Every structure is written in structure tokens, then in C-alpha cells.
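Visitor: Got a sequence here, can you model it:
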Amino acid sequence: MNHLKQIAARLPEYGLDAMLLNSEPGEYYAVGFHGEGNVVVTAQGCFYFTDSRYIEAANHLITGAEIAMTGRSRNYRAMVQEVVDRCRIRKLGFEEGYLSVADYNLWKEGLTAELVPAQKLVNSLRAAKDDGEIALMTKAQEITDRAFSEILKFIQPGMTEQEIAAKLQYDMLRFGAEKMSFDPIVVSGPNGSLPHGIPSAKQVQQGEFITMDFGCKYGGYCSDMTRTVALGEPTGEMRKVYQTVLEAQLAGIAVTKAGVPGKSIDAAARKVIEDAGYGEYFGHGYGHSLGIEIHESPNANTREETLLPVGAVVSAEPGIYLPGKFGVRIEDVTVLTADGCMVLTKSPKELIIL
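Guide: This next block holds a predicted model:
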């Protein structure tokens with residue numbers, strides 16, 4: 001699966017003769033290949049350049065582009081310049097969100113074409129997933145849901161957060177994942193108030209919440225989910241906070257659809273938490289887009305005014321974090337449609353007591 005034609009079709013809209021993609025996610029979106037290479041997309045044709053480590057695989061896996069290998073006397077800039085000359089490129093778009101200043105200066109010095117920032121071209125395409133991308137993300141989420149089912153049978157008092165994180169990763173790989181979307185978050189008890197806490201040697205104890213945020217990649221696309229479970233009987237306060245977060249998430253999902261700004265979705269969920277008196281303990285946004293990367297655009301937070309497109313894949317993850325006590329987060333992945341959304345995450349989210 002590649003998106004060369006989609007990128008080429010958008011070039012005139014941005015006043016470009018060609019687009020250069022050399023970030024890892026940009027390369028994968030364009031040609032569907034994980035390597036270290038450079039893609040040039042023009043109206044006349046597409047080109048992929050890589051080195052000897054990836055050339056054989058590229059020749060087998062990439063379609064729709066001319067493929068060539070770099071050498072000691074012919075680096076990436078020289079090869080792109082050949083395309084500039086061949087296709088008479090004057091304005092060449094590039095991914096300014098990924099290119100360092102040092103690399104930009106090297107490219108600028110090595111090319112006769114004008115380099116034009118064009119991250120928005122790629123971001124706008126990646127924001128709306130097509131059927132093939134959604135199918136891969138659905139499979140990634142199925143693997144993640146299955147790992148959650150397994151971890152519920154595994155957790156016992158006295159095991160460490162690190163052991164639980166290791167088991168989640170092992171099972172996702174065992175069930176077909178290529179790799180993790182990100183390093184899993186497993187935090188328990190007082191550590192649960194750390195939204196992005198790192199799994200530690202702390203042992204999980206009876207009467208604590210355990211929050212697990214994890215996901216995997218399948219076919220180059222991410223899954224992401226969070227579940228908070230109780231180990232032993234929770235207190236009344238723990239139940240209240242959990243129910244508040246669940247109701248907030250459901251309120252956000254209820255208004256999630258294409259054509260609304262991300263801040264409106266955030267506001268619907270945030271109101272539930274604020275009305276319950278926990279507003280100061282929900283510091284992050286309601287959700288983020290995901291796809292090839294675990295964090296993409298547009299988002300569903302207090303600042304996002306972008307209207308979300310059909311096919312956007314956005315997380316739904318409100319949380320409440322009480323310092324020194326515990327935290328609760330519940331996260332699903334949603335696919336936006338014209339009149340609502342489809343929830344990819346199938347794991348139960350009513351409070352589970354182990």
C-alpha cells in the first residue's frame with residue numbers, strides 16, 4: 001500500500017512541482033516501506049532512493065516508483081538533483097516538521113530547486129485514513145484487546161509494574177504485532193497520578209488501581225488503549241472517580257464526528273469532569289490522532305479548532321489524577337464518520353475488579 005498518487009494530486013494546490021519525503025513516517029506513508037531512504041513525488045513520476053542495506057527489499061516491496069541506490073560518489077542530494085534537472089523542478093516541497101536546521105542547510109546548498117515548507121500537504125492526507133489504513137489499525141487494535149484479556153488473567157498481588165508491562169509486550173508480539181506503538185505505561189496506586197509514568201519495580205497491592213496504557217503496530221499502523229482496573233475492592237472515592245472518567249469518555253464519544261472541531265469534543269468530556277469537581281485534575285487533552293505515528297494531527301484538545309475529517313482516527317482518553325493517591329484513565333480509539341464514530345477498541349470498560 002502506498003500513497004504516491006494522492007501526494008502527486010495535491011502538488012498543484014500547494015504550488016509545488018514535487019514533494020521530497022525523507023522522514024521515517026513520510027517515507028512509509030508514501031511508499032509503504034520501512035527503510036532509510038528519500039522519496040521524490042512529481043506529476044511526471046515518482047522516485048525512491050536508498051542505500052545497500054535496503055535496496056533489495058525496496059526492489060521487492062515498492063511499486064509505483066523508480067528505485068535507485070546511493071553510492072560513495074552519488075549521495076541522496078545528488079540523486080534528488082538529478083530528478084530536479086530531469087523533471088525541471090523549481091519548487092520542491094519538504095517536511096519541515098522533521099528536518100533539522102543542519103539538514104535543511106545541506107539540502108538547500110545541494111539543490112537548485114527552491115525548498116518550500118509543505119508539511120501541511122502530507123499531514124492533511126495522513127489525517128484522513130483510507131479503508132486500507134483503517135483495516136490495519138483495526139487489526140492492531142484486535143491484537144491489543146487480546147493482550148488485555150490475557151493480562152487480566154496474569155496480574156497478581158506482589159508482581160511489579162515492570163512484570164506487567166513485559167507481559168503486555170510479549171503477548172502483543174505473540175499475537176502478531178510488529179513492534180510496540182510506544183513503551184507501555186503501567187502504574188499502580190500512588191504512581192497512577194503520573195499520566196505518563198514509567199513502569200517501576202513497585203509491587204502492585206490489594207486495594208489499588210492499576211492503569212495500563214499500551215499499543216502495538218501492525219502493517220506499520222498503531223493501536224492505543226488504556227484501561228484502569230482495581231486489584232481487590234476499591235474505595236468509594238475510587239469508584240466515584242472511575243465512574244466520572246467513564247461518563248466523561250462516553251460524553252466525548254457521543255459528540256465525536258467529522259466536521260466538528262477537536263475542542264468541542266474535548267469540551268463535552270471536560271464538562272463532566274469539571275461538574276464532578278475534578279476539573280483541576282484533568283490536565284491533558286481528551287485525545288489525539290494516530291496512524292503511522294502514535295501522535296498525529298489533528299487533536300481533540302482545548303486548543304484544536306481544525307474541523308476533523310471523515311476517516312480521522314482519534315483517541316478518546318480523559319483522565320483524573322489525584323496526586324499521592326491514584327489515577328484513572330480510560331482510552332478507546334475512534335474512527336470518525338460523517339454522522340458519528342466507530343469505536344475500534346472492544347475491551348470492556350466498566351470497572352473490572354481482579
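
Visitor: Please give the element, helix or strand, for Glu247.
Guide: helix 236-254 (DSSP states H and E).

Visitor: Tell me how many other residues crowd the spatially closest residue to Glu274 that is not a sequence neighbour.
Guide: Distances taken as CB to CB, 6 or more residues apart in numbering place Phe282 nearest to Glu274, at 8.0 Å, with adjacent residues excluded. In this view, the C-beta of every residue, glycine as well, is placed from N, C-alpha and C. By the criterion of other CB atoms under 10 Å, Phe282 has 23 neighbours.

Visitor: Next: Ile210.
Guide: Each residue near Ile210 was counted by other CB under 10 Å, and the total is 24.

Visitor: just to revisit the earlier point, touching, the residue nearest to Glu274 and Leu322? I think so.
Guide: No - the criterion here is CB atoms under 8 Å, and Phe282 misses it with Leu322 at 10.9 Å.

Visitor: who touches Gly324 in this structure?
Guide: Residues in contact with Gly324, defined by CB atoms under 8 Å, 6 or more residues apart in numbering, are 190, 193.

Visitor: Now do it against Gln6, distance only.
Guide: Computed with CB to CB, to the nearest Å, the distance linking Gly324 and Gln6 is 49 Å.

Visitor: Over to Asp17?
Guide: Relative to Gln6, and taking CB to CB, Asp17 is found at 17 Å.

Visitor: out of those two, which sits in the busier spot?
Guide: Between Asp17 and Gln6, Asp17 has the larger neighbour count (other CB under 10 Å), namely 20 against 17.

Visitor: thought the more buried one was touching Glu114?
Guide: No - contact criterion CB under 8 Å: Asp17 and Glu114 do not qualify, at 9.4 Å.

Visitor: Please enumerate the shared neighbours of those two.
Guide: 90-92.

Visitor: Buried ones only from the residues you listed, please, as a PyMOL command.
Guide: Buried residues within the shared contacts of Asp17 and Glu114, by 16 or more other CB atoms under 10 Å, are selected in PyMOL with:
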select buried, resi 91+92
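
Visitor: So which of the shared contacts of Asp17 and Glu114 are in strands?
Guide: The strands, defined by DSSP state E, take in 91-92 from the shared contacts of Asp17 and Glu114.

Visitor: now, which of the shared contacts of Asp17 and Glu114 sits nearest Val40?
Guide: Of all these, Val40 sits closest to Leu92, with 8.0 Å by CB to CB.

Visitor: what bridges to that closest one?
Guide: Ala18, Leu115 (DSSP bridges).

Visitor: Outline the domain layout of the chain.
Guide: As given by the TED database, the domain ranges for the chain are 1-125, 129-341.

Visitor: mind checking how far the longest one is from the chain centre?
Guide: For domain 129-341, the distance from its own C-alpha centre to the chain's C-alpha centre is 12 Å (CA atoms, centre = their mean, to the nearest Å).

Visitor: Ok, the shortest one next?
Guide: With CA atoms, centre = their mean as the basis, the distance from the averaged C-alpha position of domain 1-125 to the chain average is 22 Å.
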